[in-house]
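In: Sequence below, structure please.
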Amino acid sequence: MLKNYLKIACRSLAKNKGYSAINIGGLALGMSVAMLIGLWIQDELSYDKYHKNYDRVAQVWQYVTFDVETTAYDVSPIPMADELRSKYPDFEKVSLGKGSQSLLVAGEKKIEMAGKYVEPDFLDMMTVKLLSGTNKALNDPGAILLSESLAKTLFGSQDPMEKVIRIDNKTDVKVAGVYEDFPGNSSLKETTYLVPWSLLISTDKYAKGALQQWDENSWQVYVQLKEGGDFGKASAKIKDIRMKKENPPGYKPQYFLHPMHKWHLYSDFENGQNVGGLITYVWLFGIIGTFVLLLACINFMNLSTARSEKRAKEVGVRKAIGSLRSQLVGQFFSESLLVVFMAFLVAVLLAAAMLPFFNEVAYKTMTMPFFEPVFWLAGLAFCLFTGLIAGSYPALYLSSFKPVTVLKAGSSTFRAGFGKLATLPRKVLVVIQFTVSVTLIIGTIVVFRQIQFAKNRPVGYDRNGLIEVGMNTPELYGKYSVLRQDLLNTGAVREMSESSGSVTVQYGGTTDMSWPGKKPDEHPLIMSNSVSHEYGKTIGWQLVAGRDFSKQFTTDSSAMILNEAAVKLMGLKNPVETIVKRGGKDFKIVGVVKDMIRENPFSPTSPSFFVVNGNVNTINIRLAAGTSLAASLAKVEAVFGKHNPGSPFVYKFVDEEYAKKFGDEARIGKLSSFFAVLAIFISCLGLFGLASFIAEQRTKEIGVRKVLGASVLNLWQLMSKDFVLLVIISCLIACPIAWYLMHGWLATYTLHTEISWWIFAATGLGALAITLLTVSFQAIKAALINPVRSLRSE
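Out: Here you go, the predicted structure:
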């Protein structure tokens, strides 16, 4: 019997090739999108689960209060580690850490990579899977552990053990082990080497000087709770550690534990509260995937119920010759399930084909889970559910008809009995389809407008032709004048300067400043920047008052330049020539520059000051205009090769670094647009099939109307008006939903674009235009048929 069901189902699909293609293609497309989103969500939710102590590891963070605003920072002082080890039994293991971006030299190989200085307990805490070496390796201050990929890059097929590597051209270490690369969904995925914390203390004066400094917050502290430990209770115990020490700072630090299972998805904090993070997008795309799949299922159900009307006479004949109702139910369900299973197989192939593109857009390295039983079981369950739901109408309703009634009156009686029972649900489903599609389109437009809004903000300096070189080796220090002159002599460089960091990043600040009119209880954070005299000319900042730094003024060692945000914070009406204090020393404000975007481009600019003394670690180079980029970089590289022969010339374009600030939003925008296009395509696919069916159903009516004088335009209007009305209703429903959702999303940004009325108008008109194009083909085709043929066929 089952074989017979399948044979008839295959014949039915072959007979109606167009509908079969639309049904299978639309459902397969929806399924493939759901698979891709499912893979992405699974990858996000499994973040950091590679580490066996995932549910017991945390990092010590702190809330600090500057004036009235409370901010969260992922750094701690070095003494915190020993304090937790010695006085708090809640912790099984504790490790200090510090990120490193260093030049590694092994023989002729030179490469700059990211790594981490850590203590020995870090290896067990973070599940560092050693392929060679032991967990005791980091007890040796002259050791280094390499990731498997970095070991191959530096040594090829050779055994890397005991090989010597020079770090930043100043420290030699030996390879004491190789570990398995951290996966792409680990917070440590970019950590390619590990070196002992003791090595940092012995080679870095800044780190050594901070050993007992409770107010020097530049380090990471990782902890592992004992079995059964509670993050909340442990956080409460360590909360006021600093405030109980001598000389508590005015920024009132409050420490807490940020668990590993929240590092990736719950990393946003606002006024002392964790307000989520990427988990918002996990929910968002989960909902989008569900709705895209729903659109495809609606198509399938709509076309299945619509086509079932033509089979009323078939049901009557089958019953008349002895078919049981159970047999008819089995037949209809088998046809429905066959279509769904075929769609699922096509969906798997589509998902596999689209996965490389999806990985590129989503910045992932996911693979299809072909060998995961859960994947196939979930697919089977979905196929059964969809097939049974879509096949339930023809299976249960049509099989209940009496053969005498159906055969005696034909399909007209069936249509009369069918009436609104079928047409109303189909209309509701079409409205749902386009409501979802229009909402997605509006959301995508708003996301791109928000990105463009931030990109259009005045940056405050000139990014074009500006490059940065990190001062990662001692050879680049103390050569400023000579290096600058050699670069200028090439003709490829217009200006060069040094600074305490990248122009696209704000590294740190101070609360130890005072100015005329400051209240005693005010302790705002003001970002600090150390630069050379030529910094302003190099980056092209814009003065709004006073002057720039200049070597002509010997007093500039105690001069200061503020940005507009700092002037506003201090409430200075005439800032130039005003004396302010920083760390007990007097500084004279000599100039004010426009605010520069160095942090989140979606947030207000932080108050900042610039001075010409202090530590520097970055070289800024303004390339001369009118010369080829390749030729200019070659000349600059030659100069660096002369002064720093042991290191490769590694540089970054400032405009590219700035563009990275929009990475998350740009990815969300691309994914949203991808899904929005698929949603509208699936909706139109279903609309096309439905219009085709209705045109076929009304063939006799169209013929009669043409005989009575109806024009092609009249018939086009007749066929299109119902669909246009449904889309208009969809737009009216979608607009307030989209406004509510996007208004909430924009509210998460301090600075954001406005949701303009034209977005809704343009999307609505676009949806109507697409609908008319989709429906018109079938409507005009039906209207052009010779009435003699259509009436004769009836």
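In: And the average pLDDT for stretch 156-175 is what?
Out: When pLDDT is averaged along stretch 156-175, the result is 91.
In: List the buried residues of that stretch.
Out: When neighbours are counted by 16 or more other Cβ atoms under 10 Å, the buried residues of stretch 156-175 are found to be Pro160, Lys163, Ile165, Arg166, Ile167, Asp168, Asn169, Thr171, Val173, Val175. (Each C-beta comes from the backbone N, C-alpha and C, glycine too.)
In: That one: how far from the chain's middle?
Out: Centroid separation for stretch 156-175 versus its chain: 36 Å, with Cα atoms, centre = their mean, to the nearest Å.
In: Same list (the buried residues of stretch 156-175) but as a markdown table, adding secondary structure and distance to Ile288.
Out: Output for the buried residues of stretch 156-175, formatted as a markdown table (DSSP: H, G, I helix; E, B strand; the rest coil; distance: Cβ to Cβ, whole Å):
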| residue | secondary structure | distance to Ile288 |
| --- | --- | --- |
| Pro160 | coil | 45 |
| Lys163 | coil | 49 |
| Ile165 | strand | 47 |
| Arg166 | strand | 50 |
| Ile167 | strand | 46 |
| Asp168 | coil | 46 |
| Asn169 | coil | 50 |
| Thr171 | strand | 50 |
| Val173 | strand | 48 |
| Val175 | strand | 47 |
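In: could I get the residues you listed as TSV with distance to Leu294?
Out: Listed next are these as TSV, based on distance: Cβ to Cβ, whole Å:
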residue	distance to Leu294
Pro160	53
Lys163	57
Ile165	55
Arg166	59
Ile167	55
Asp168	56
Asn169	60
Thr171	59
Val173	57
Val175	54
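In: thought Ile561 was touching Lys588?
Out: No - taking Cβ atoms under 8 Å as the contact criterion, Ile561 and Lys588 are not neighbours in contact, 10.4 Å apart.
In: Setting aside sequence neighbours, what's the nearest residue to Ile24?
Out: Taking Cβ to Cβ, 6 or more residues apart in numbering as the measure, Ile24 lies nearest to Ala343, with 4.8 Å between them; neighbours along the chain are not counted.
In: dump the residue contacts of Thr774.
Out: With contacts taken as Cβ atoms under 8 Å, 6 or more residues apart in numbering, Thr774 has the following neighbours: Cys684, Leu687, Phe688, Ala691.
In: ignore the last one, Asn617
Out: Gly470, Met471, Ser500, Gly501.
In: What is the nearest of these to Ala353?
Out: When the contacts of Asn617 are compared for distance to Ala353 (Cβ to Cβ), Gly470 wins out at 40.8 Å.
In: Any regions of the stretch 551-700 of the chain where pLDDT drops low?
Out: Scanning the stretch 551-700 of the chain with the threshold set as pLDDT under 70 gives 693, 695-697, 699.
In: Next, the buried residues of stretch 554-566.
Out: Neighbour counts over stretch 554-566 (16+ other Cβ under 10 Å) mark Asp556, Ser558, Ala559, Met560, Ile561, Leu562, Asn563, Glu564, Ala565, Ala566 as buried.
In: Between the two ends of that stretch, what distance do you get?
Out: Using Cα to Cα, to the nearest Å, one end of stretch 554-566 lies 25 Å from the other.
In: Contacts for it, please.
Out: Contacts of stretch 554-566 with the rest of the structure, by Cβ under 8 Å, 6+ apart, involve 460, 526, 533, 536, 544, 546, 548-550, 553, 570, 575, 580, 582, 585-596, 604-613.
In: swap the cut-off to 7 Å and go again
Out: Stretch 554-566 is touched from outside by 526, 533, 544, 549-550, 575, 580, 586-596, 605-613, with contacts defined as Cβ atoms under 7 Å, 6 or more residues apart in numbering.
In: any idea how far Leu29 is from the residue nearest to Ile24?
Out: From Ala343 across to Leu29, the span is 9 Å (Cβ to Cβ, to the nearest Å).
In: shared neighbours of the two, anything?
Out: Taking Cβ under 7 Å, 6+ apart as the contact definition, Ala343 and Leu29 share no neighbouring residue.
In: which helices and strands does the one helix or strand Tyr19 maps to pack with?
Out: Secondary-structure assignment from DSSP states H and E places Tyr19 in helix 17-45. With contacts defined as 3 or more Cβ pairs under 7 Å, 6 or more residues apart in numbering; DSSP states H and E, the secondary structure elements packing on helix 17-45 are helix 279-308, helix 325-362, helix 663-697.
In: at 10 Å what do you get?
Out: helix 2-15, helix 279-308, helix 325-362, helix 373-392, helix 663-697 (3 or more Cβ pairs under 10 Å, 6 or more residues apart in numbering; DSSP states H and E).
In: Distance to Ser756 added to those helices, as JSON lines?
Out: Below are the helices and strands packed on helix 17-45 laid out as JSON lines (distance: least, Cβ to Cβ, whole Å):
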{"stretch": "helix 2-15", "distance to Ser756": "47"}
{"stretch": "helix 279-308", "distance to Ser756": "22"}
{"stretch": "helix 325-362", "distance to Ser756": "27"}
{"stretch": "helix 373-392", "distance to Ser756": "39"}
{"stretch": "helix 663-697", "distance to Ser756": "17"}
